[in-house]
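Colleague: Curious how this folds, go ahead:
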Amino acid sequence: MLRWPYTDHWVRDCWMYAVCLDYELSKRGVDVEGEVALPVEYDGVRLDAVP
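Modeller: Prediction:
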């Protein structure tokens, strides 16, 4: 299986950034919702991304 180097670190770092951002926005009174499903259309095909 081919893997892009640092993938695990990149995913972990992005997740940590999102957690911190949610926290900071909540402290400022912004209503925050975590990961949500987001339908995407790519090349004419609908892809349902589920967190």
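Colleague: wait, residue 37 sits on residue 48?
Modeller: Yes. Residue 37 lies in contact with residue 48 (CB atoms under 8 Å); the separation is 6.4 Å. C-beta here means a position set from N, CA and C on the backbone, and glycine is covered the same way.
Colleague: count of neighbours near residue 37?
Modeller: 8 (other CB atoms under 10 Å).
Colleague: Could you do the one 4 residues further on as well?
Modeller: Burial of residue 41 is recorded as 8 neighbouring residues (other CB under 10 Å).
Colleague: three-state assignment of the residue lying closest to it once chain neighbours are set aside?
Modeller: With sequence-adjacent residues excluded and distances taken as CB to CB, 6 or more residues apart in numbering, residue 41 is closest to residue 47, at 7.3 Å. Secondary structure, DSSP: H, G, I helix; E, B strand; the rest coil: residue 47 is strand.
Colleague: same question, residue 15
Modeller: Recorded secondary structure, residue 15: helix (three-state DSSP).
Colleague: cool, and residue 35?
Modeller: Going by three-state DSSP: residue 35 is coil.
Colleague: Check which residues of the host helix or strand of residue 21 are buried.
Modeller: Element membership for residue 21, per DSSP states H and E: helix 7-27. Along helix 7-27, no position meets the burial threshold by neighbour count (16 or more other CB atoms under 10 Å).
Colleague: before we move on, back to that, contact partners for the residue nearest to residue 41?
Modeller: Residues near residue 47 by CB atoms under 8 Å, 6 or more residues apart in numbering: 39, 40, 41.
Colleague: Against residue 35, how distant is the residue lying closest to residue 40 once chain neighbours are set aside?
Modeller: Nearest non-adjacent residue to residue 40, counting by CB to CB, 6+ apart: residue 47, 4.9 Å away. Distance, residue 47 to residue 35, using CB to CB, to the nearest Å: 16 Å.
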